[in-house]
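Colleague: starting from these lines, generate the structure:
(chains A and B)
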Amino acid sequence: MSAAAASVALFERDLRAVARSRSQLYSSMFTPLILLVFLGTGVSKGLEPSNLSAGNFTAYLVAGIVVMTSVFSATFASASYYRDRDSGILRMFLSSPNSPRAILLGKSLAGVLIGSAQSLAVLLVAAPFVEFEWQYGIVRGVAMAVAAVMLLNVMLGGFAQALASRIQTMQGFHLLMNLALFPLLFISGAFFPLEDLPAWLEILARLNPLSYAVDALLLAAYADGSDGYFGLAVDFAVLGLLAMGAYALGLARTPRLTWSGE
Amino acid sequence: MTTVIEARAVVHRYGDRTALDGFNLDVEAGTVFGLLGPNGSGKSTFISLVAAMERPQAGSLRVFDAEPSGDLKRRVGTVFQENAQDPLMTPGEILTLAGRLFGISRSDAAAQGTLLLDRFGLRDRISDPTSTLSGGMRRRLEMARALVHDPDLLILDEPTTGVDPGERRALWEALGGAADEPGPTVLLASNDLAEADSVCDMVAFIDGGRVVATGTPAELKRGLRRESVRVTWTSVSEDQLAAVAVWPGVGEVVGDGDEVRLTVDDGSSLVPRLFELAGGAIRSVAIEPSTLEDAYFRHVRHRAKAPEEVPA
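Modeller: Now for the predicted structure:
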């Protein structure tokens, strides 16, 4: 029996679990969309920013909101690790002849697919209401957006799994995810452009993995006329490397089965 | 008969605590073998070694004539003390997933799952979320799940804890399955002595990390001379009672009016002799078998406060 078959079985099972958990599905989609509508409209009316590549603030926010959706989704996906541990079904998985890594792989791939699908759905829902200009043409632009979103989700999925396998309680996990990811979101260019920031904030933005995803999405969807904050080559190189690194880290520590429970 | 599990002088420690201390055991194929002992006696540790979750630190342990390894998991089904179920999944989905994790194709796993749900009386709940099943149904589902890949060895850890007597019987009957197909060897860890007495072919009492007695439940009880025979007489003389008291295999003889209570090795062989002695004077004879619990307390030291057994 191949480990792939087991991974696929768990991948499908986790997809079904999310589809069945409606509240999770809706909240991770609607929260970002509501933020987009209210924050975008309000700030656009109030501040009328003129130096945004996307023309108006609501359109500008789309890229950041897509990244935020991925962050939410990765958090929810890793919560399924705790749910499986606490319901006992993780022990059933581990008592099968598959390596713990194949089990984690199947579960985390489902999380990556769901996160990517939700993030791209936000992009799709927003599309009729904002003017994407697709400076590289719509096909290449969409392909770039899909690639950026998938790399981002692989990275976030790996990071979240790495935390989940090291933190005993789900409350602790959520606390740490919120502590780490919300500040990262705020200094990623998701809510305001990174240009003309104070030096210390700019350094933090450059160290922030999410900045590269926001930059790639902005470049893919709009006609910036420039190379963006980092440039596509840097964006994809950083996202690709971090995705590989974080995913390897996420699969590095596997749960251990003991007869009396963990 | 083939030996499925062979343990010789197995030693296993967790830090300073010795969980298994020269553990010897033979489990023959096709038997239901009960491991009985107080908490902390070493049952769970031994099971975790058999299930290849840990390796023994000393001594020899062979399962299916090989050292326990990851490959062994294909031949083993496990029912943990706690249910291993996702409340959002249905019994059909759980069995199909379990089968696929053991390398069975989706369609075969689904078909096998349906057969098992039928056998365990859950066919009509195949599409209900497991959160809607009763406690007994969930334990039956656990048993079905452990059997979905047709294991040669089934490890059960307190499978009927918290299950009502009717459900308990249904579970064991379903596990027995069809008479024409041999079931797996069963290793049962339990604290329920009455259940072990009724379902186990062989029993080992475990205490302090060692097997302190092993045998069939009948053998373990027979050594006790604690089967009791209650005889009601119309009249009985002192001489007759004195004669009975010196028969081989008879322990105490206690008279109370018309009723005499005897403790004996084997009540059924005593009855014909009683009738030979005083057939016309006997009104009734009742044999009350000694329980496995009596045997257990004879072999296992009673500890009011046993430490929790938690392999690290």
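Colleague: quick check: B:V250 touching B:L241?
Modeller: No: taking contacts as CB atoms under 8 Å, B:V250 lies outside contact range of B:L241: 10.6 Å. C-beta coordinates here come from the backbone N, C-alpha and C atoms, glycine included.
Colleague: what does chain A put close to chain B?
Modeller: Within reach of chain B by CB under 8 Å from any CB of the partner chain, chain A has these residues: A:1, A:5-6, A:9-10, A:13, A:16-17, A:20-21, A:83-84, A:87-93, A:95-98, A:257-261.
Colleague: ok, 10 Å please
Modeller: Selection of chain A residues close to chain B by CB under 10 Å from any CB of the partner chain yields A:1-2, A:5-10, A:12-13, A:16-18, A:20-21, A:80, A:83-84, A:87-99, A:102-103, A:106, A:256-261.
Colleague: PyMOL command for the buried members of those?
Modeller: Here is the PyMOL selection string for the buried members of these, based on 16 or more other CB atoms under 10 Å in any protein chain shown:
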select buried, chain A and resi 5+6+7+8+9+10+12+13+16+17+18+21+80+83+84+87+88+89+90+91+92+93+94+95+96+97+98+102+103+106+257+258+259+260
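Colleague: any residues in contact with both of B:V250 and B:L241?
Modeller: Common contacts of B:V250 and B:L241, defined by CB atoms under 10 Å, 6 or more residues apart in numbering or on different chains, comprise B:L262.
Colleague: circling back to that earlier point, filter the residues of chain A next to chain B down to the ones in helices?
Modeller: Secondary structure from DSSP state H places A:5-10, A:12-13, A:16-18, A:20, A:80, A:83-84, A:87, A:89-94, A:102-103, A:106 of these in helices.
Colleague: and the residue in chain B positioned nearest to chain A, what helix or strand is that in?
Modeller: Relative to chain A, the nearest point of chain B is B:G103 (3.0 Å; CB to the nearest CB). Secondary-structure assignment from DSSP states H and E places B:G103 in no helical or strand segment.
Colleague: contacts only, for residue 157.
Modeller: Since you didn't name a chain, this refers to chain A. A:70, A:73-74, A:77-78, A:107-116, A:243, A:246-247, A:250.
Colleague: not what I meant, chain B
Modeller: Here B:D157 is in contact with A:259-260, B:35, B:43-44, B:47-48, B:51, B:78-82, B:187-190 (criterion: CB under 10 Å, 6+ apart).
Colleague: okay, and the beta partners of it?
Modeller: Residues in a beta bridge with B:D157, per DSSP bridges, are B:A189.
Colleague: now the strands: where do they sit in the stretch 1-150 of chain B?
Modeller: B:3-14, B:17-28, B:32-36, B:58-63, B:76-79 (DSSP state E, counting those that start in this stretch).
Colleague: list the buried residues of the first one.
Modeller: Yep, that's strand B:3-14 we're talking about. By neighbour count on 16+ other CB under 10 Å, the buried set for strand B:3-14 is B:4-5, B:7, B:10, B:12.
Colleague: again, but for the third one
Modeller: Across strand B:32-36, burial judged by 16+ other CB under 10 Å covers B:32-36.
Colleague: and the angle for it with strand B:3-14?
Modeller: On the basis of axes from the mean of the first three to the mean of the last three CA atoms, to 10 degrees, strand B:32-36 is oriented at 20 degrees to strand B:3-14.
Colleague: strand B:32-36 pairs with which strands?
Modeller: Strand pairing for strand B:32-36, determined by DSSP bridges: strand B:185-190 (parallel), strand B:202-207 (parallel).
Colleague: could you dump the ones you listed into a markdown table with mean pLDDT and mean neighbour count added?
Modeller: Shown next, in a markdown table, are these (pLDDT from 0 to 100; neighbours: other CB atoms under 10 Å in any protein chain shown):
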| stretch | mean pLDDT | mean neighbour count |
| --- | --- | --- |
| strand B:185-190 | 93 | 24 |
| strand B:202-207 | 93 | 23 |
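Colleague: could you dump those strands into CSV with distance to B:D86 added?
Modeller: Output for the strands paired with strand B:32-36, formatted as CSV (distance: least, CB to CB, whole Å):
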stretch, distance to B:D86
strand B:185-190, 25
strand B:202-207, 33
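Colleague: of those, which is nearest B:R145?
Modeller: Closest approach to B:R145 among the strands paired with strand B:32-36 (CB to CB): strand B:185-190, 15.3 Å.
Colleague: partners of B:V250 in the sheet?
Modeller: B:V264.
Colleague: that one against B:V229, yeah?
Modeller: Yes: judged on CB atoms under 10 Å, B:V250 makes contact with B:V229 at a distance of 9.1 Å.
Colleague: okay, those two: which has more neighbours?
Modeller: Set B:V250 next to B:V229 and count neighbours by other CB atoms under 10 Å in any protein chain shown: B:V229 wins out with 22 against 18.
Colleague: identify the residues contacting that one.
Modeller: Applying CB under 10 Å, 6+ apart to B:V229 gives the contacts B:244, B:250, B:253, B:260-264, B:266-268, B:270-271, B:274, B:285-288.
Colleague: which strand or helix spans it?
Modeller: According to DSSP H and E, B:V229 maps onto strand B:227-233.
Colleague: contacting residues around B:R119?
Modeller: B:140, B:143-144, B:147, B:173-178.
Colleague: hmm, try it at 6 Å
Modeller: B:R119 makes contact with B:A174, according to CB atoms under 6 Å, 6 or more residues apart in numbering or on different chains.
Colleague: where in the stretch 151-300 of chain B is pLDDT low?
Modeller: B:177-181, B:222-226, B:252, B:290-291, B:294, B:298 (pLDDT under 70).
Colleague: quick one, helices of it?
Modeller: Ranges of helices within the stretch 151-300 of chain B are B:165-176, B:193-199, B:217-222, B:238-245, B:267-278, B:292-299, based on DSSP state H, counting those that start in this stretch.
Colleague: got those helices as TSV, with mean neighbour count and distance to chain A columns?
Modeller: Formatted as TSV, the helices of the stretch 151-300 of chain B follow (neighbours: other CB atoms under 10 Å in any protein chain shown; distance: least, CB to the nearest CB, whole Å):
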stretch	mean neighbour count	distance to chain A
helix B:165-176	16	18
helix B:193-199	19	19
helix B:217-222	19	25
helix B:238-245	13	50
helix B:267-278	15	40
helix B:292-299	19	22
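Colleague: any idea which of these gets closest to B:L133?
Modeller: Of these, nearest to B:L133 by CB to CB is helix B:165-176, at 11.3 Å.
Colleague: give me phi/psi at B:G209?
Modeller: phi 80, psi 10 (degrees, to the nearest 10).
Colleague: do the same with B:G30
Modeller: Dihedral angles (degrees, to the nearest 10) for B:G30: phi 80, psi 0.
Colleague: quick one: residues contacting A:S119.
Modeller: Applying CB under 6 Å, 6+ apart, we find A:S119 in contact with A:66, A:69-70, A:149.
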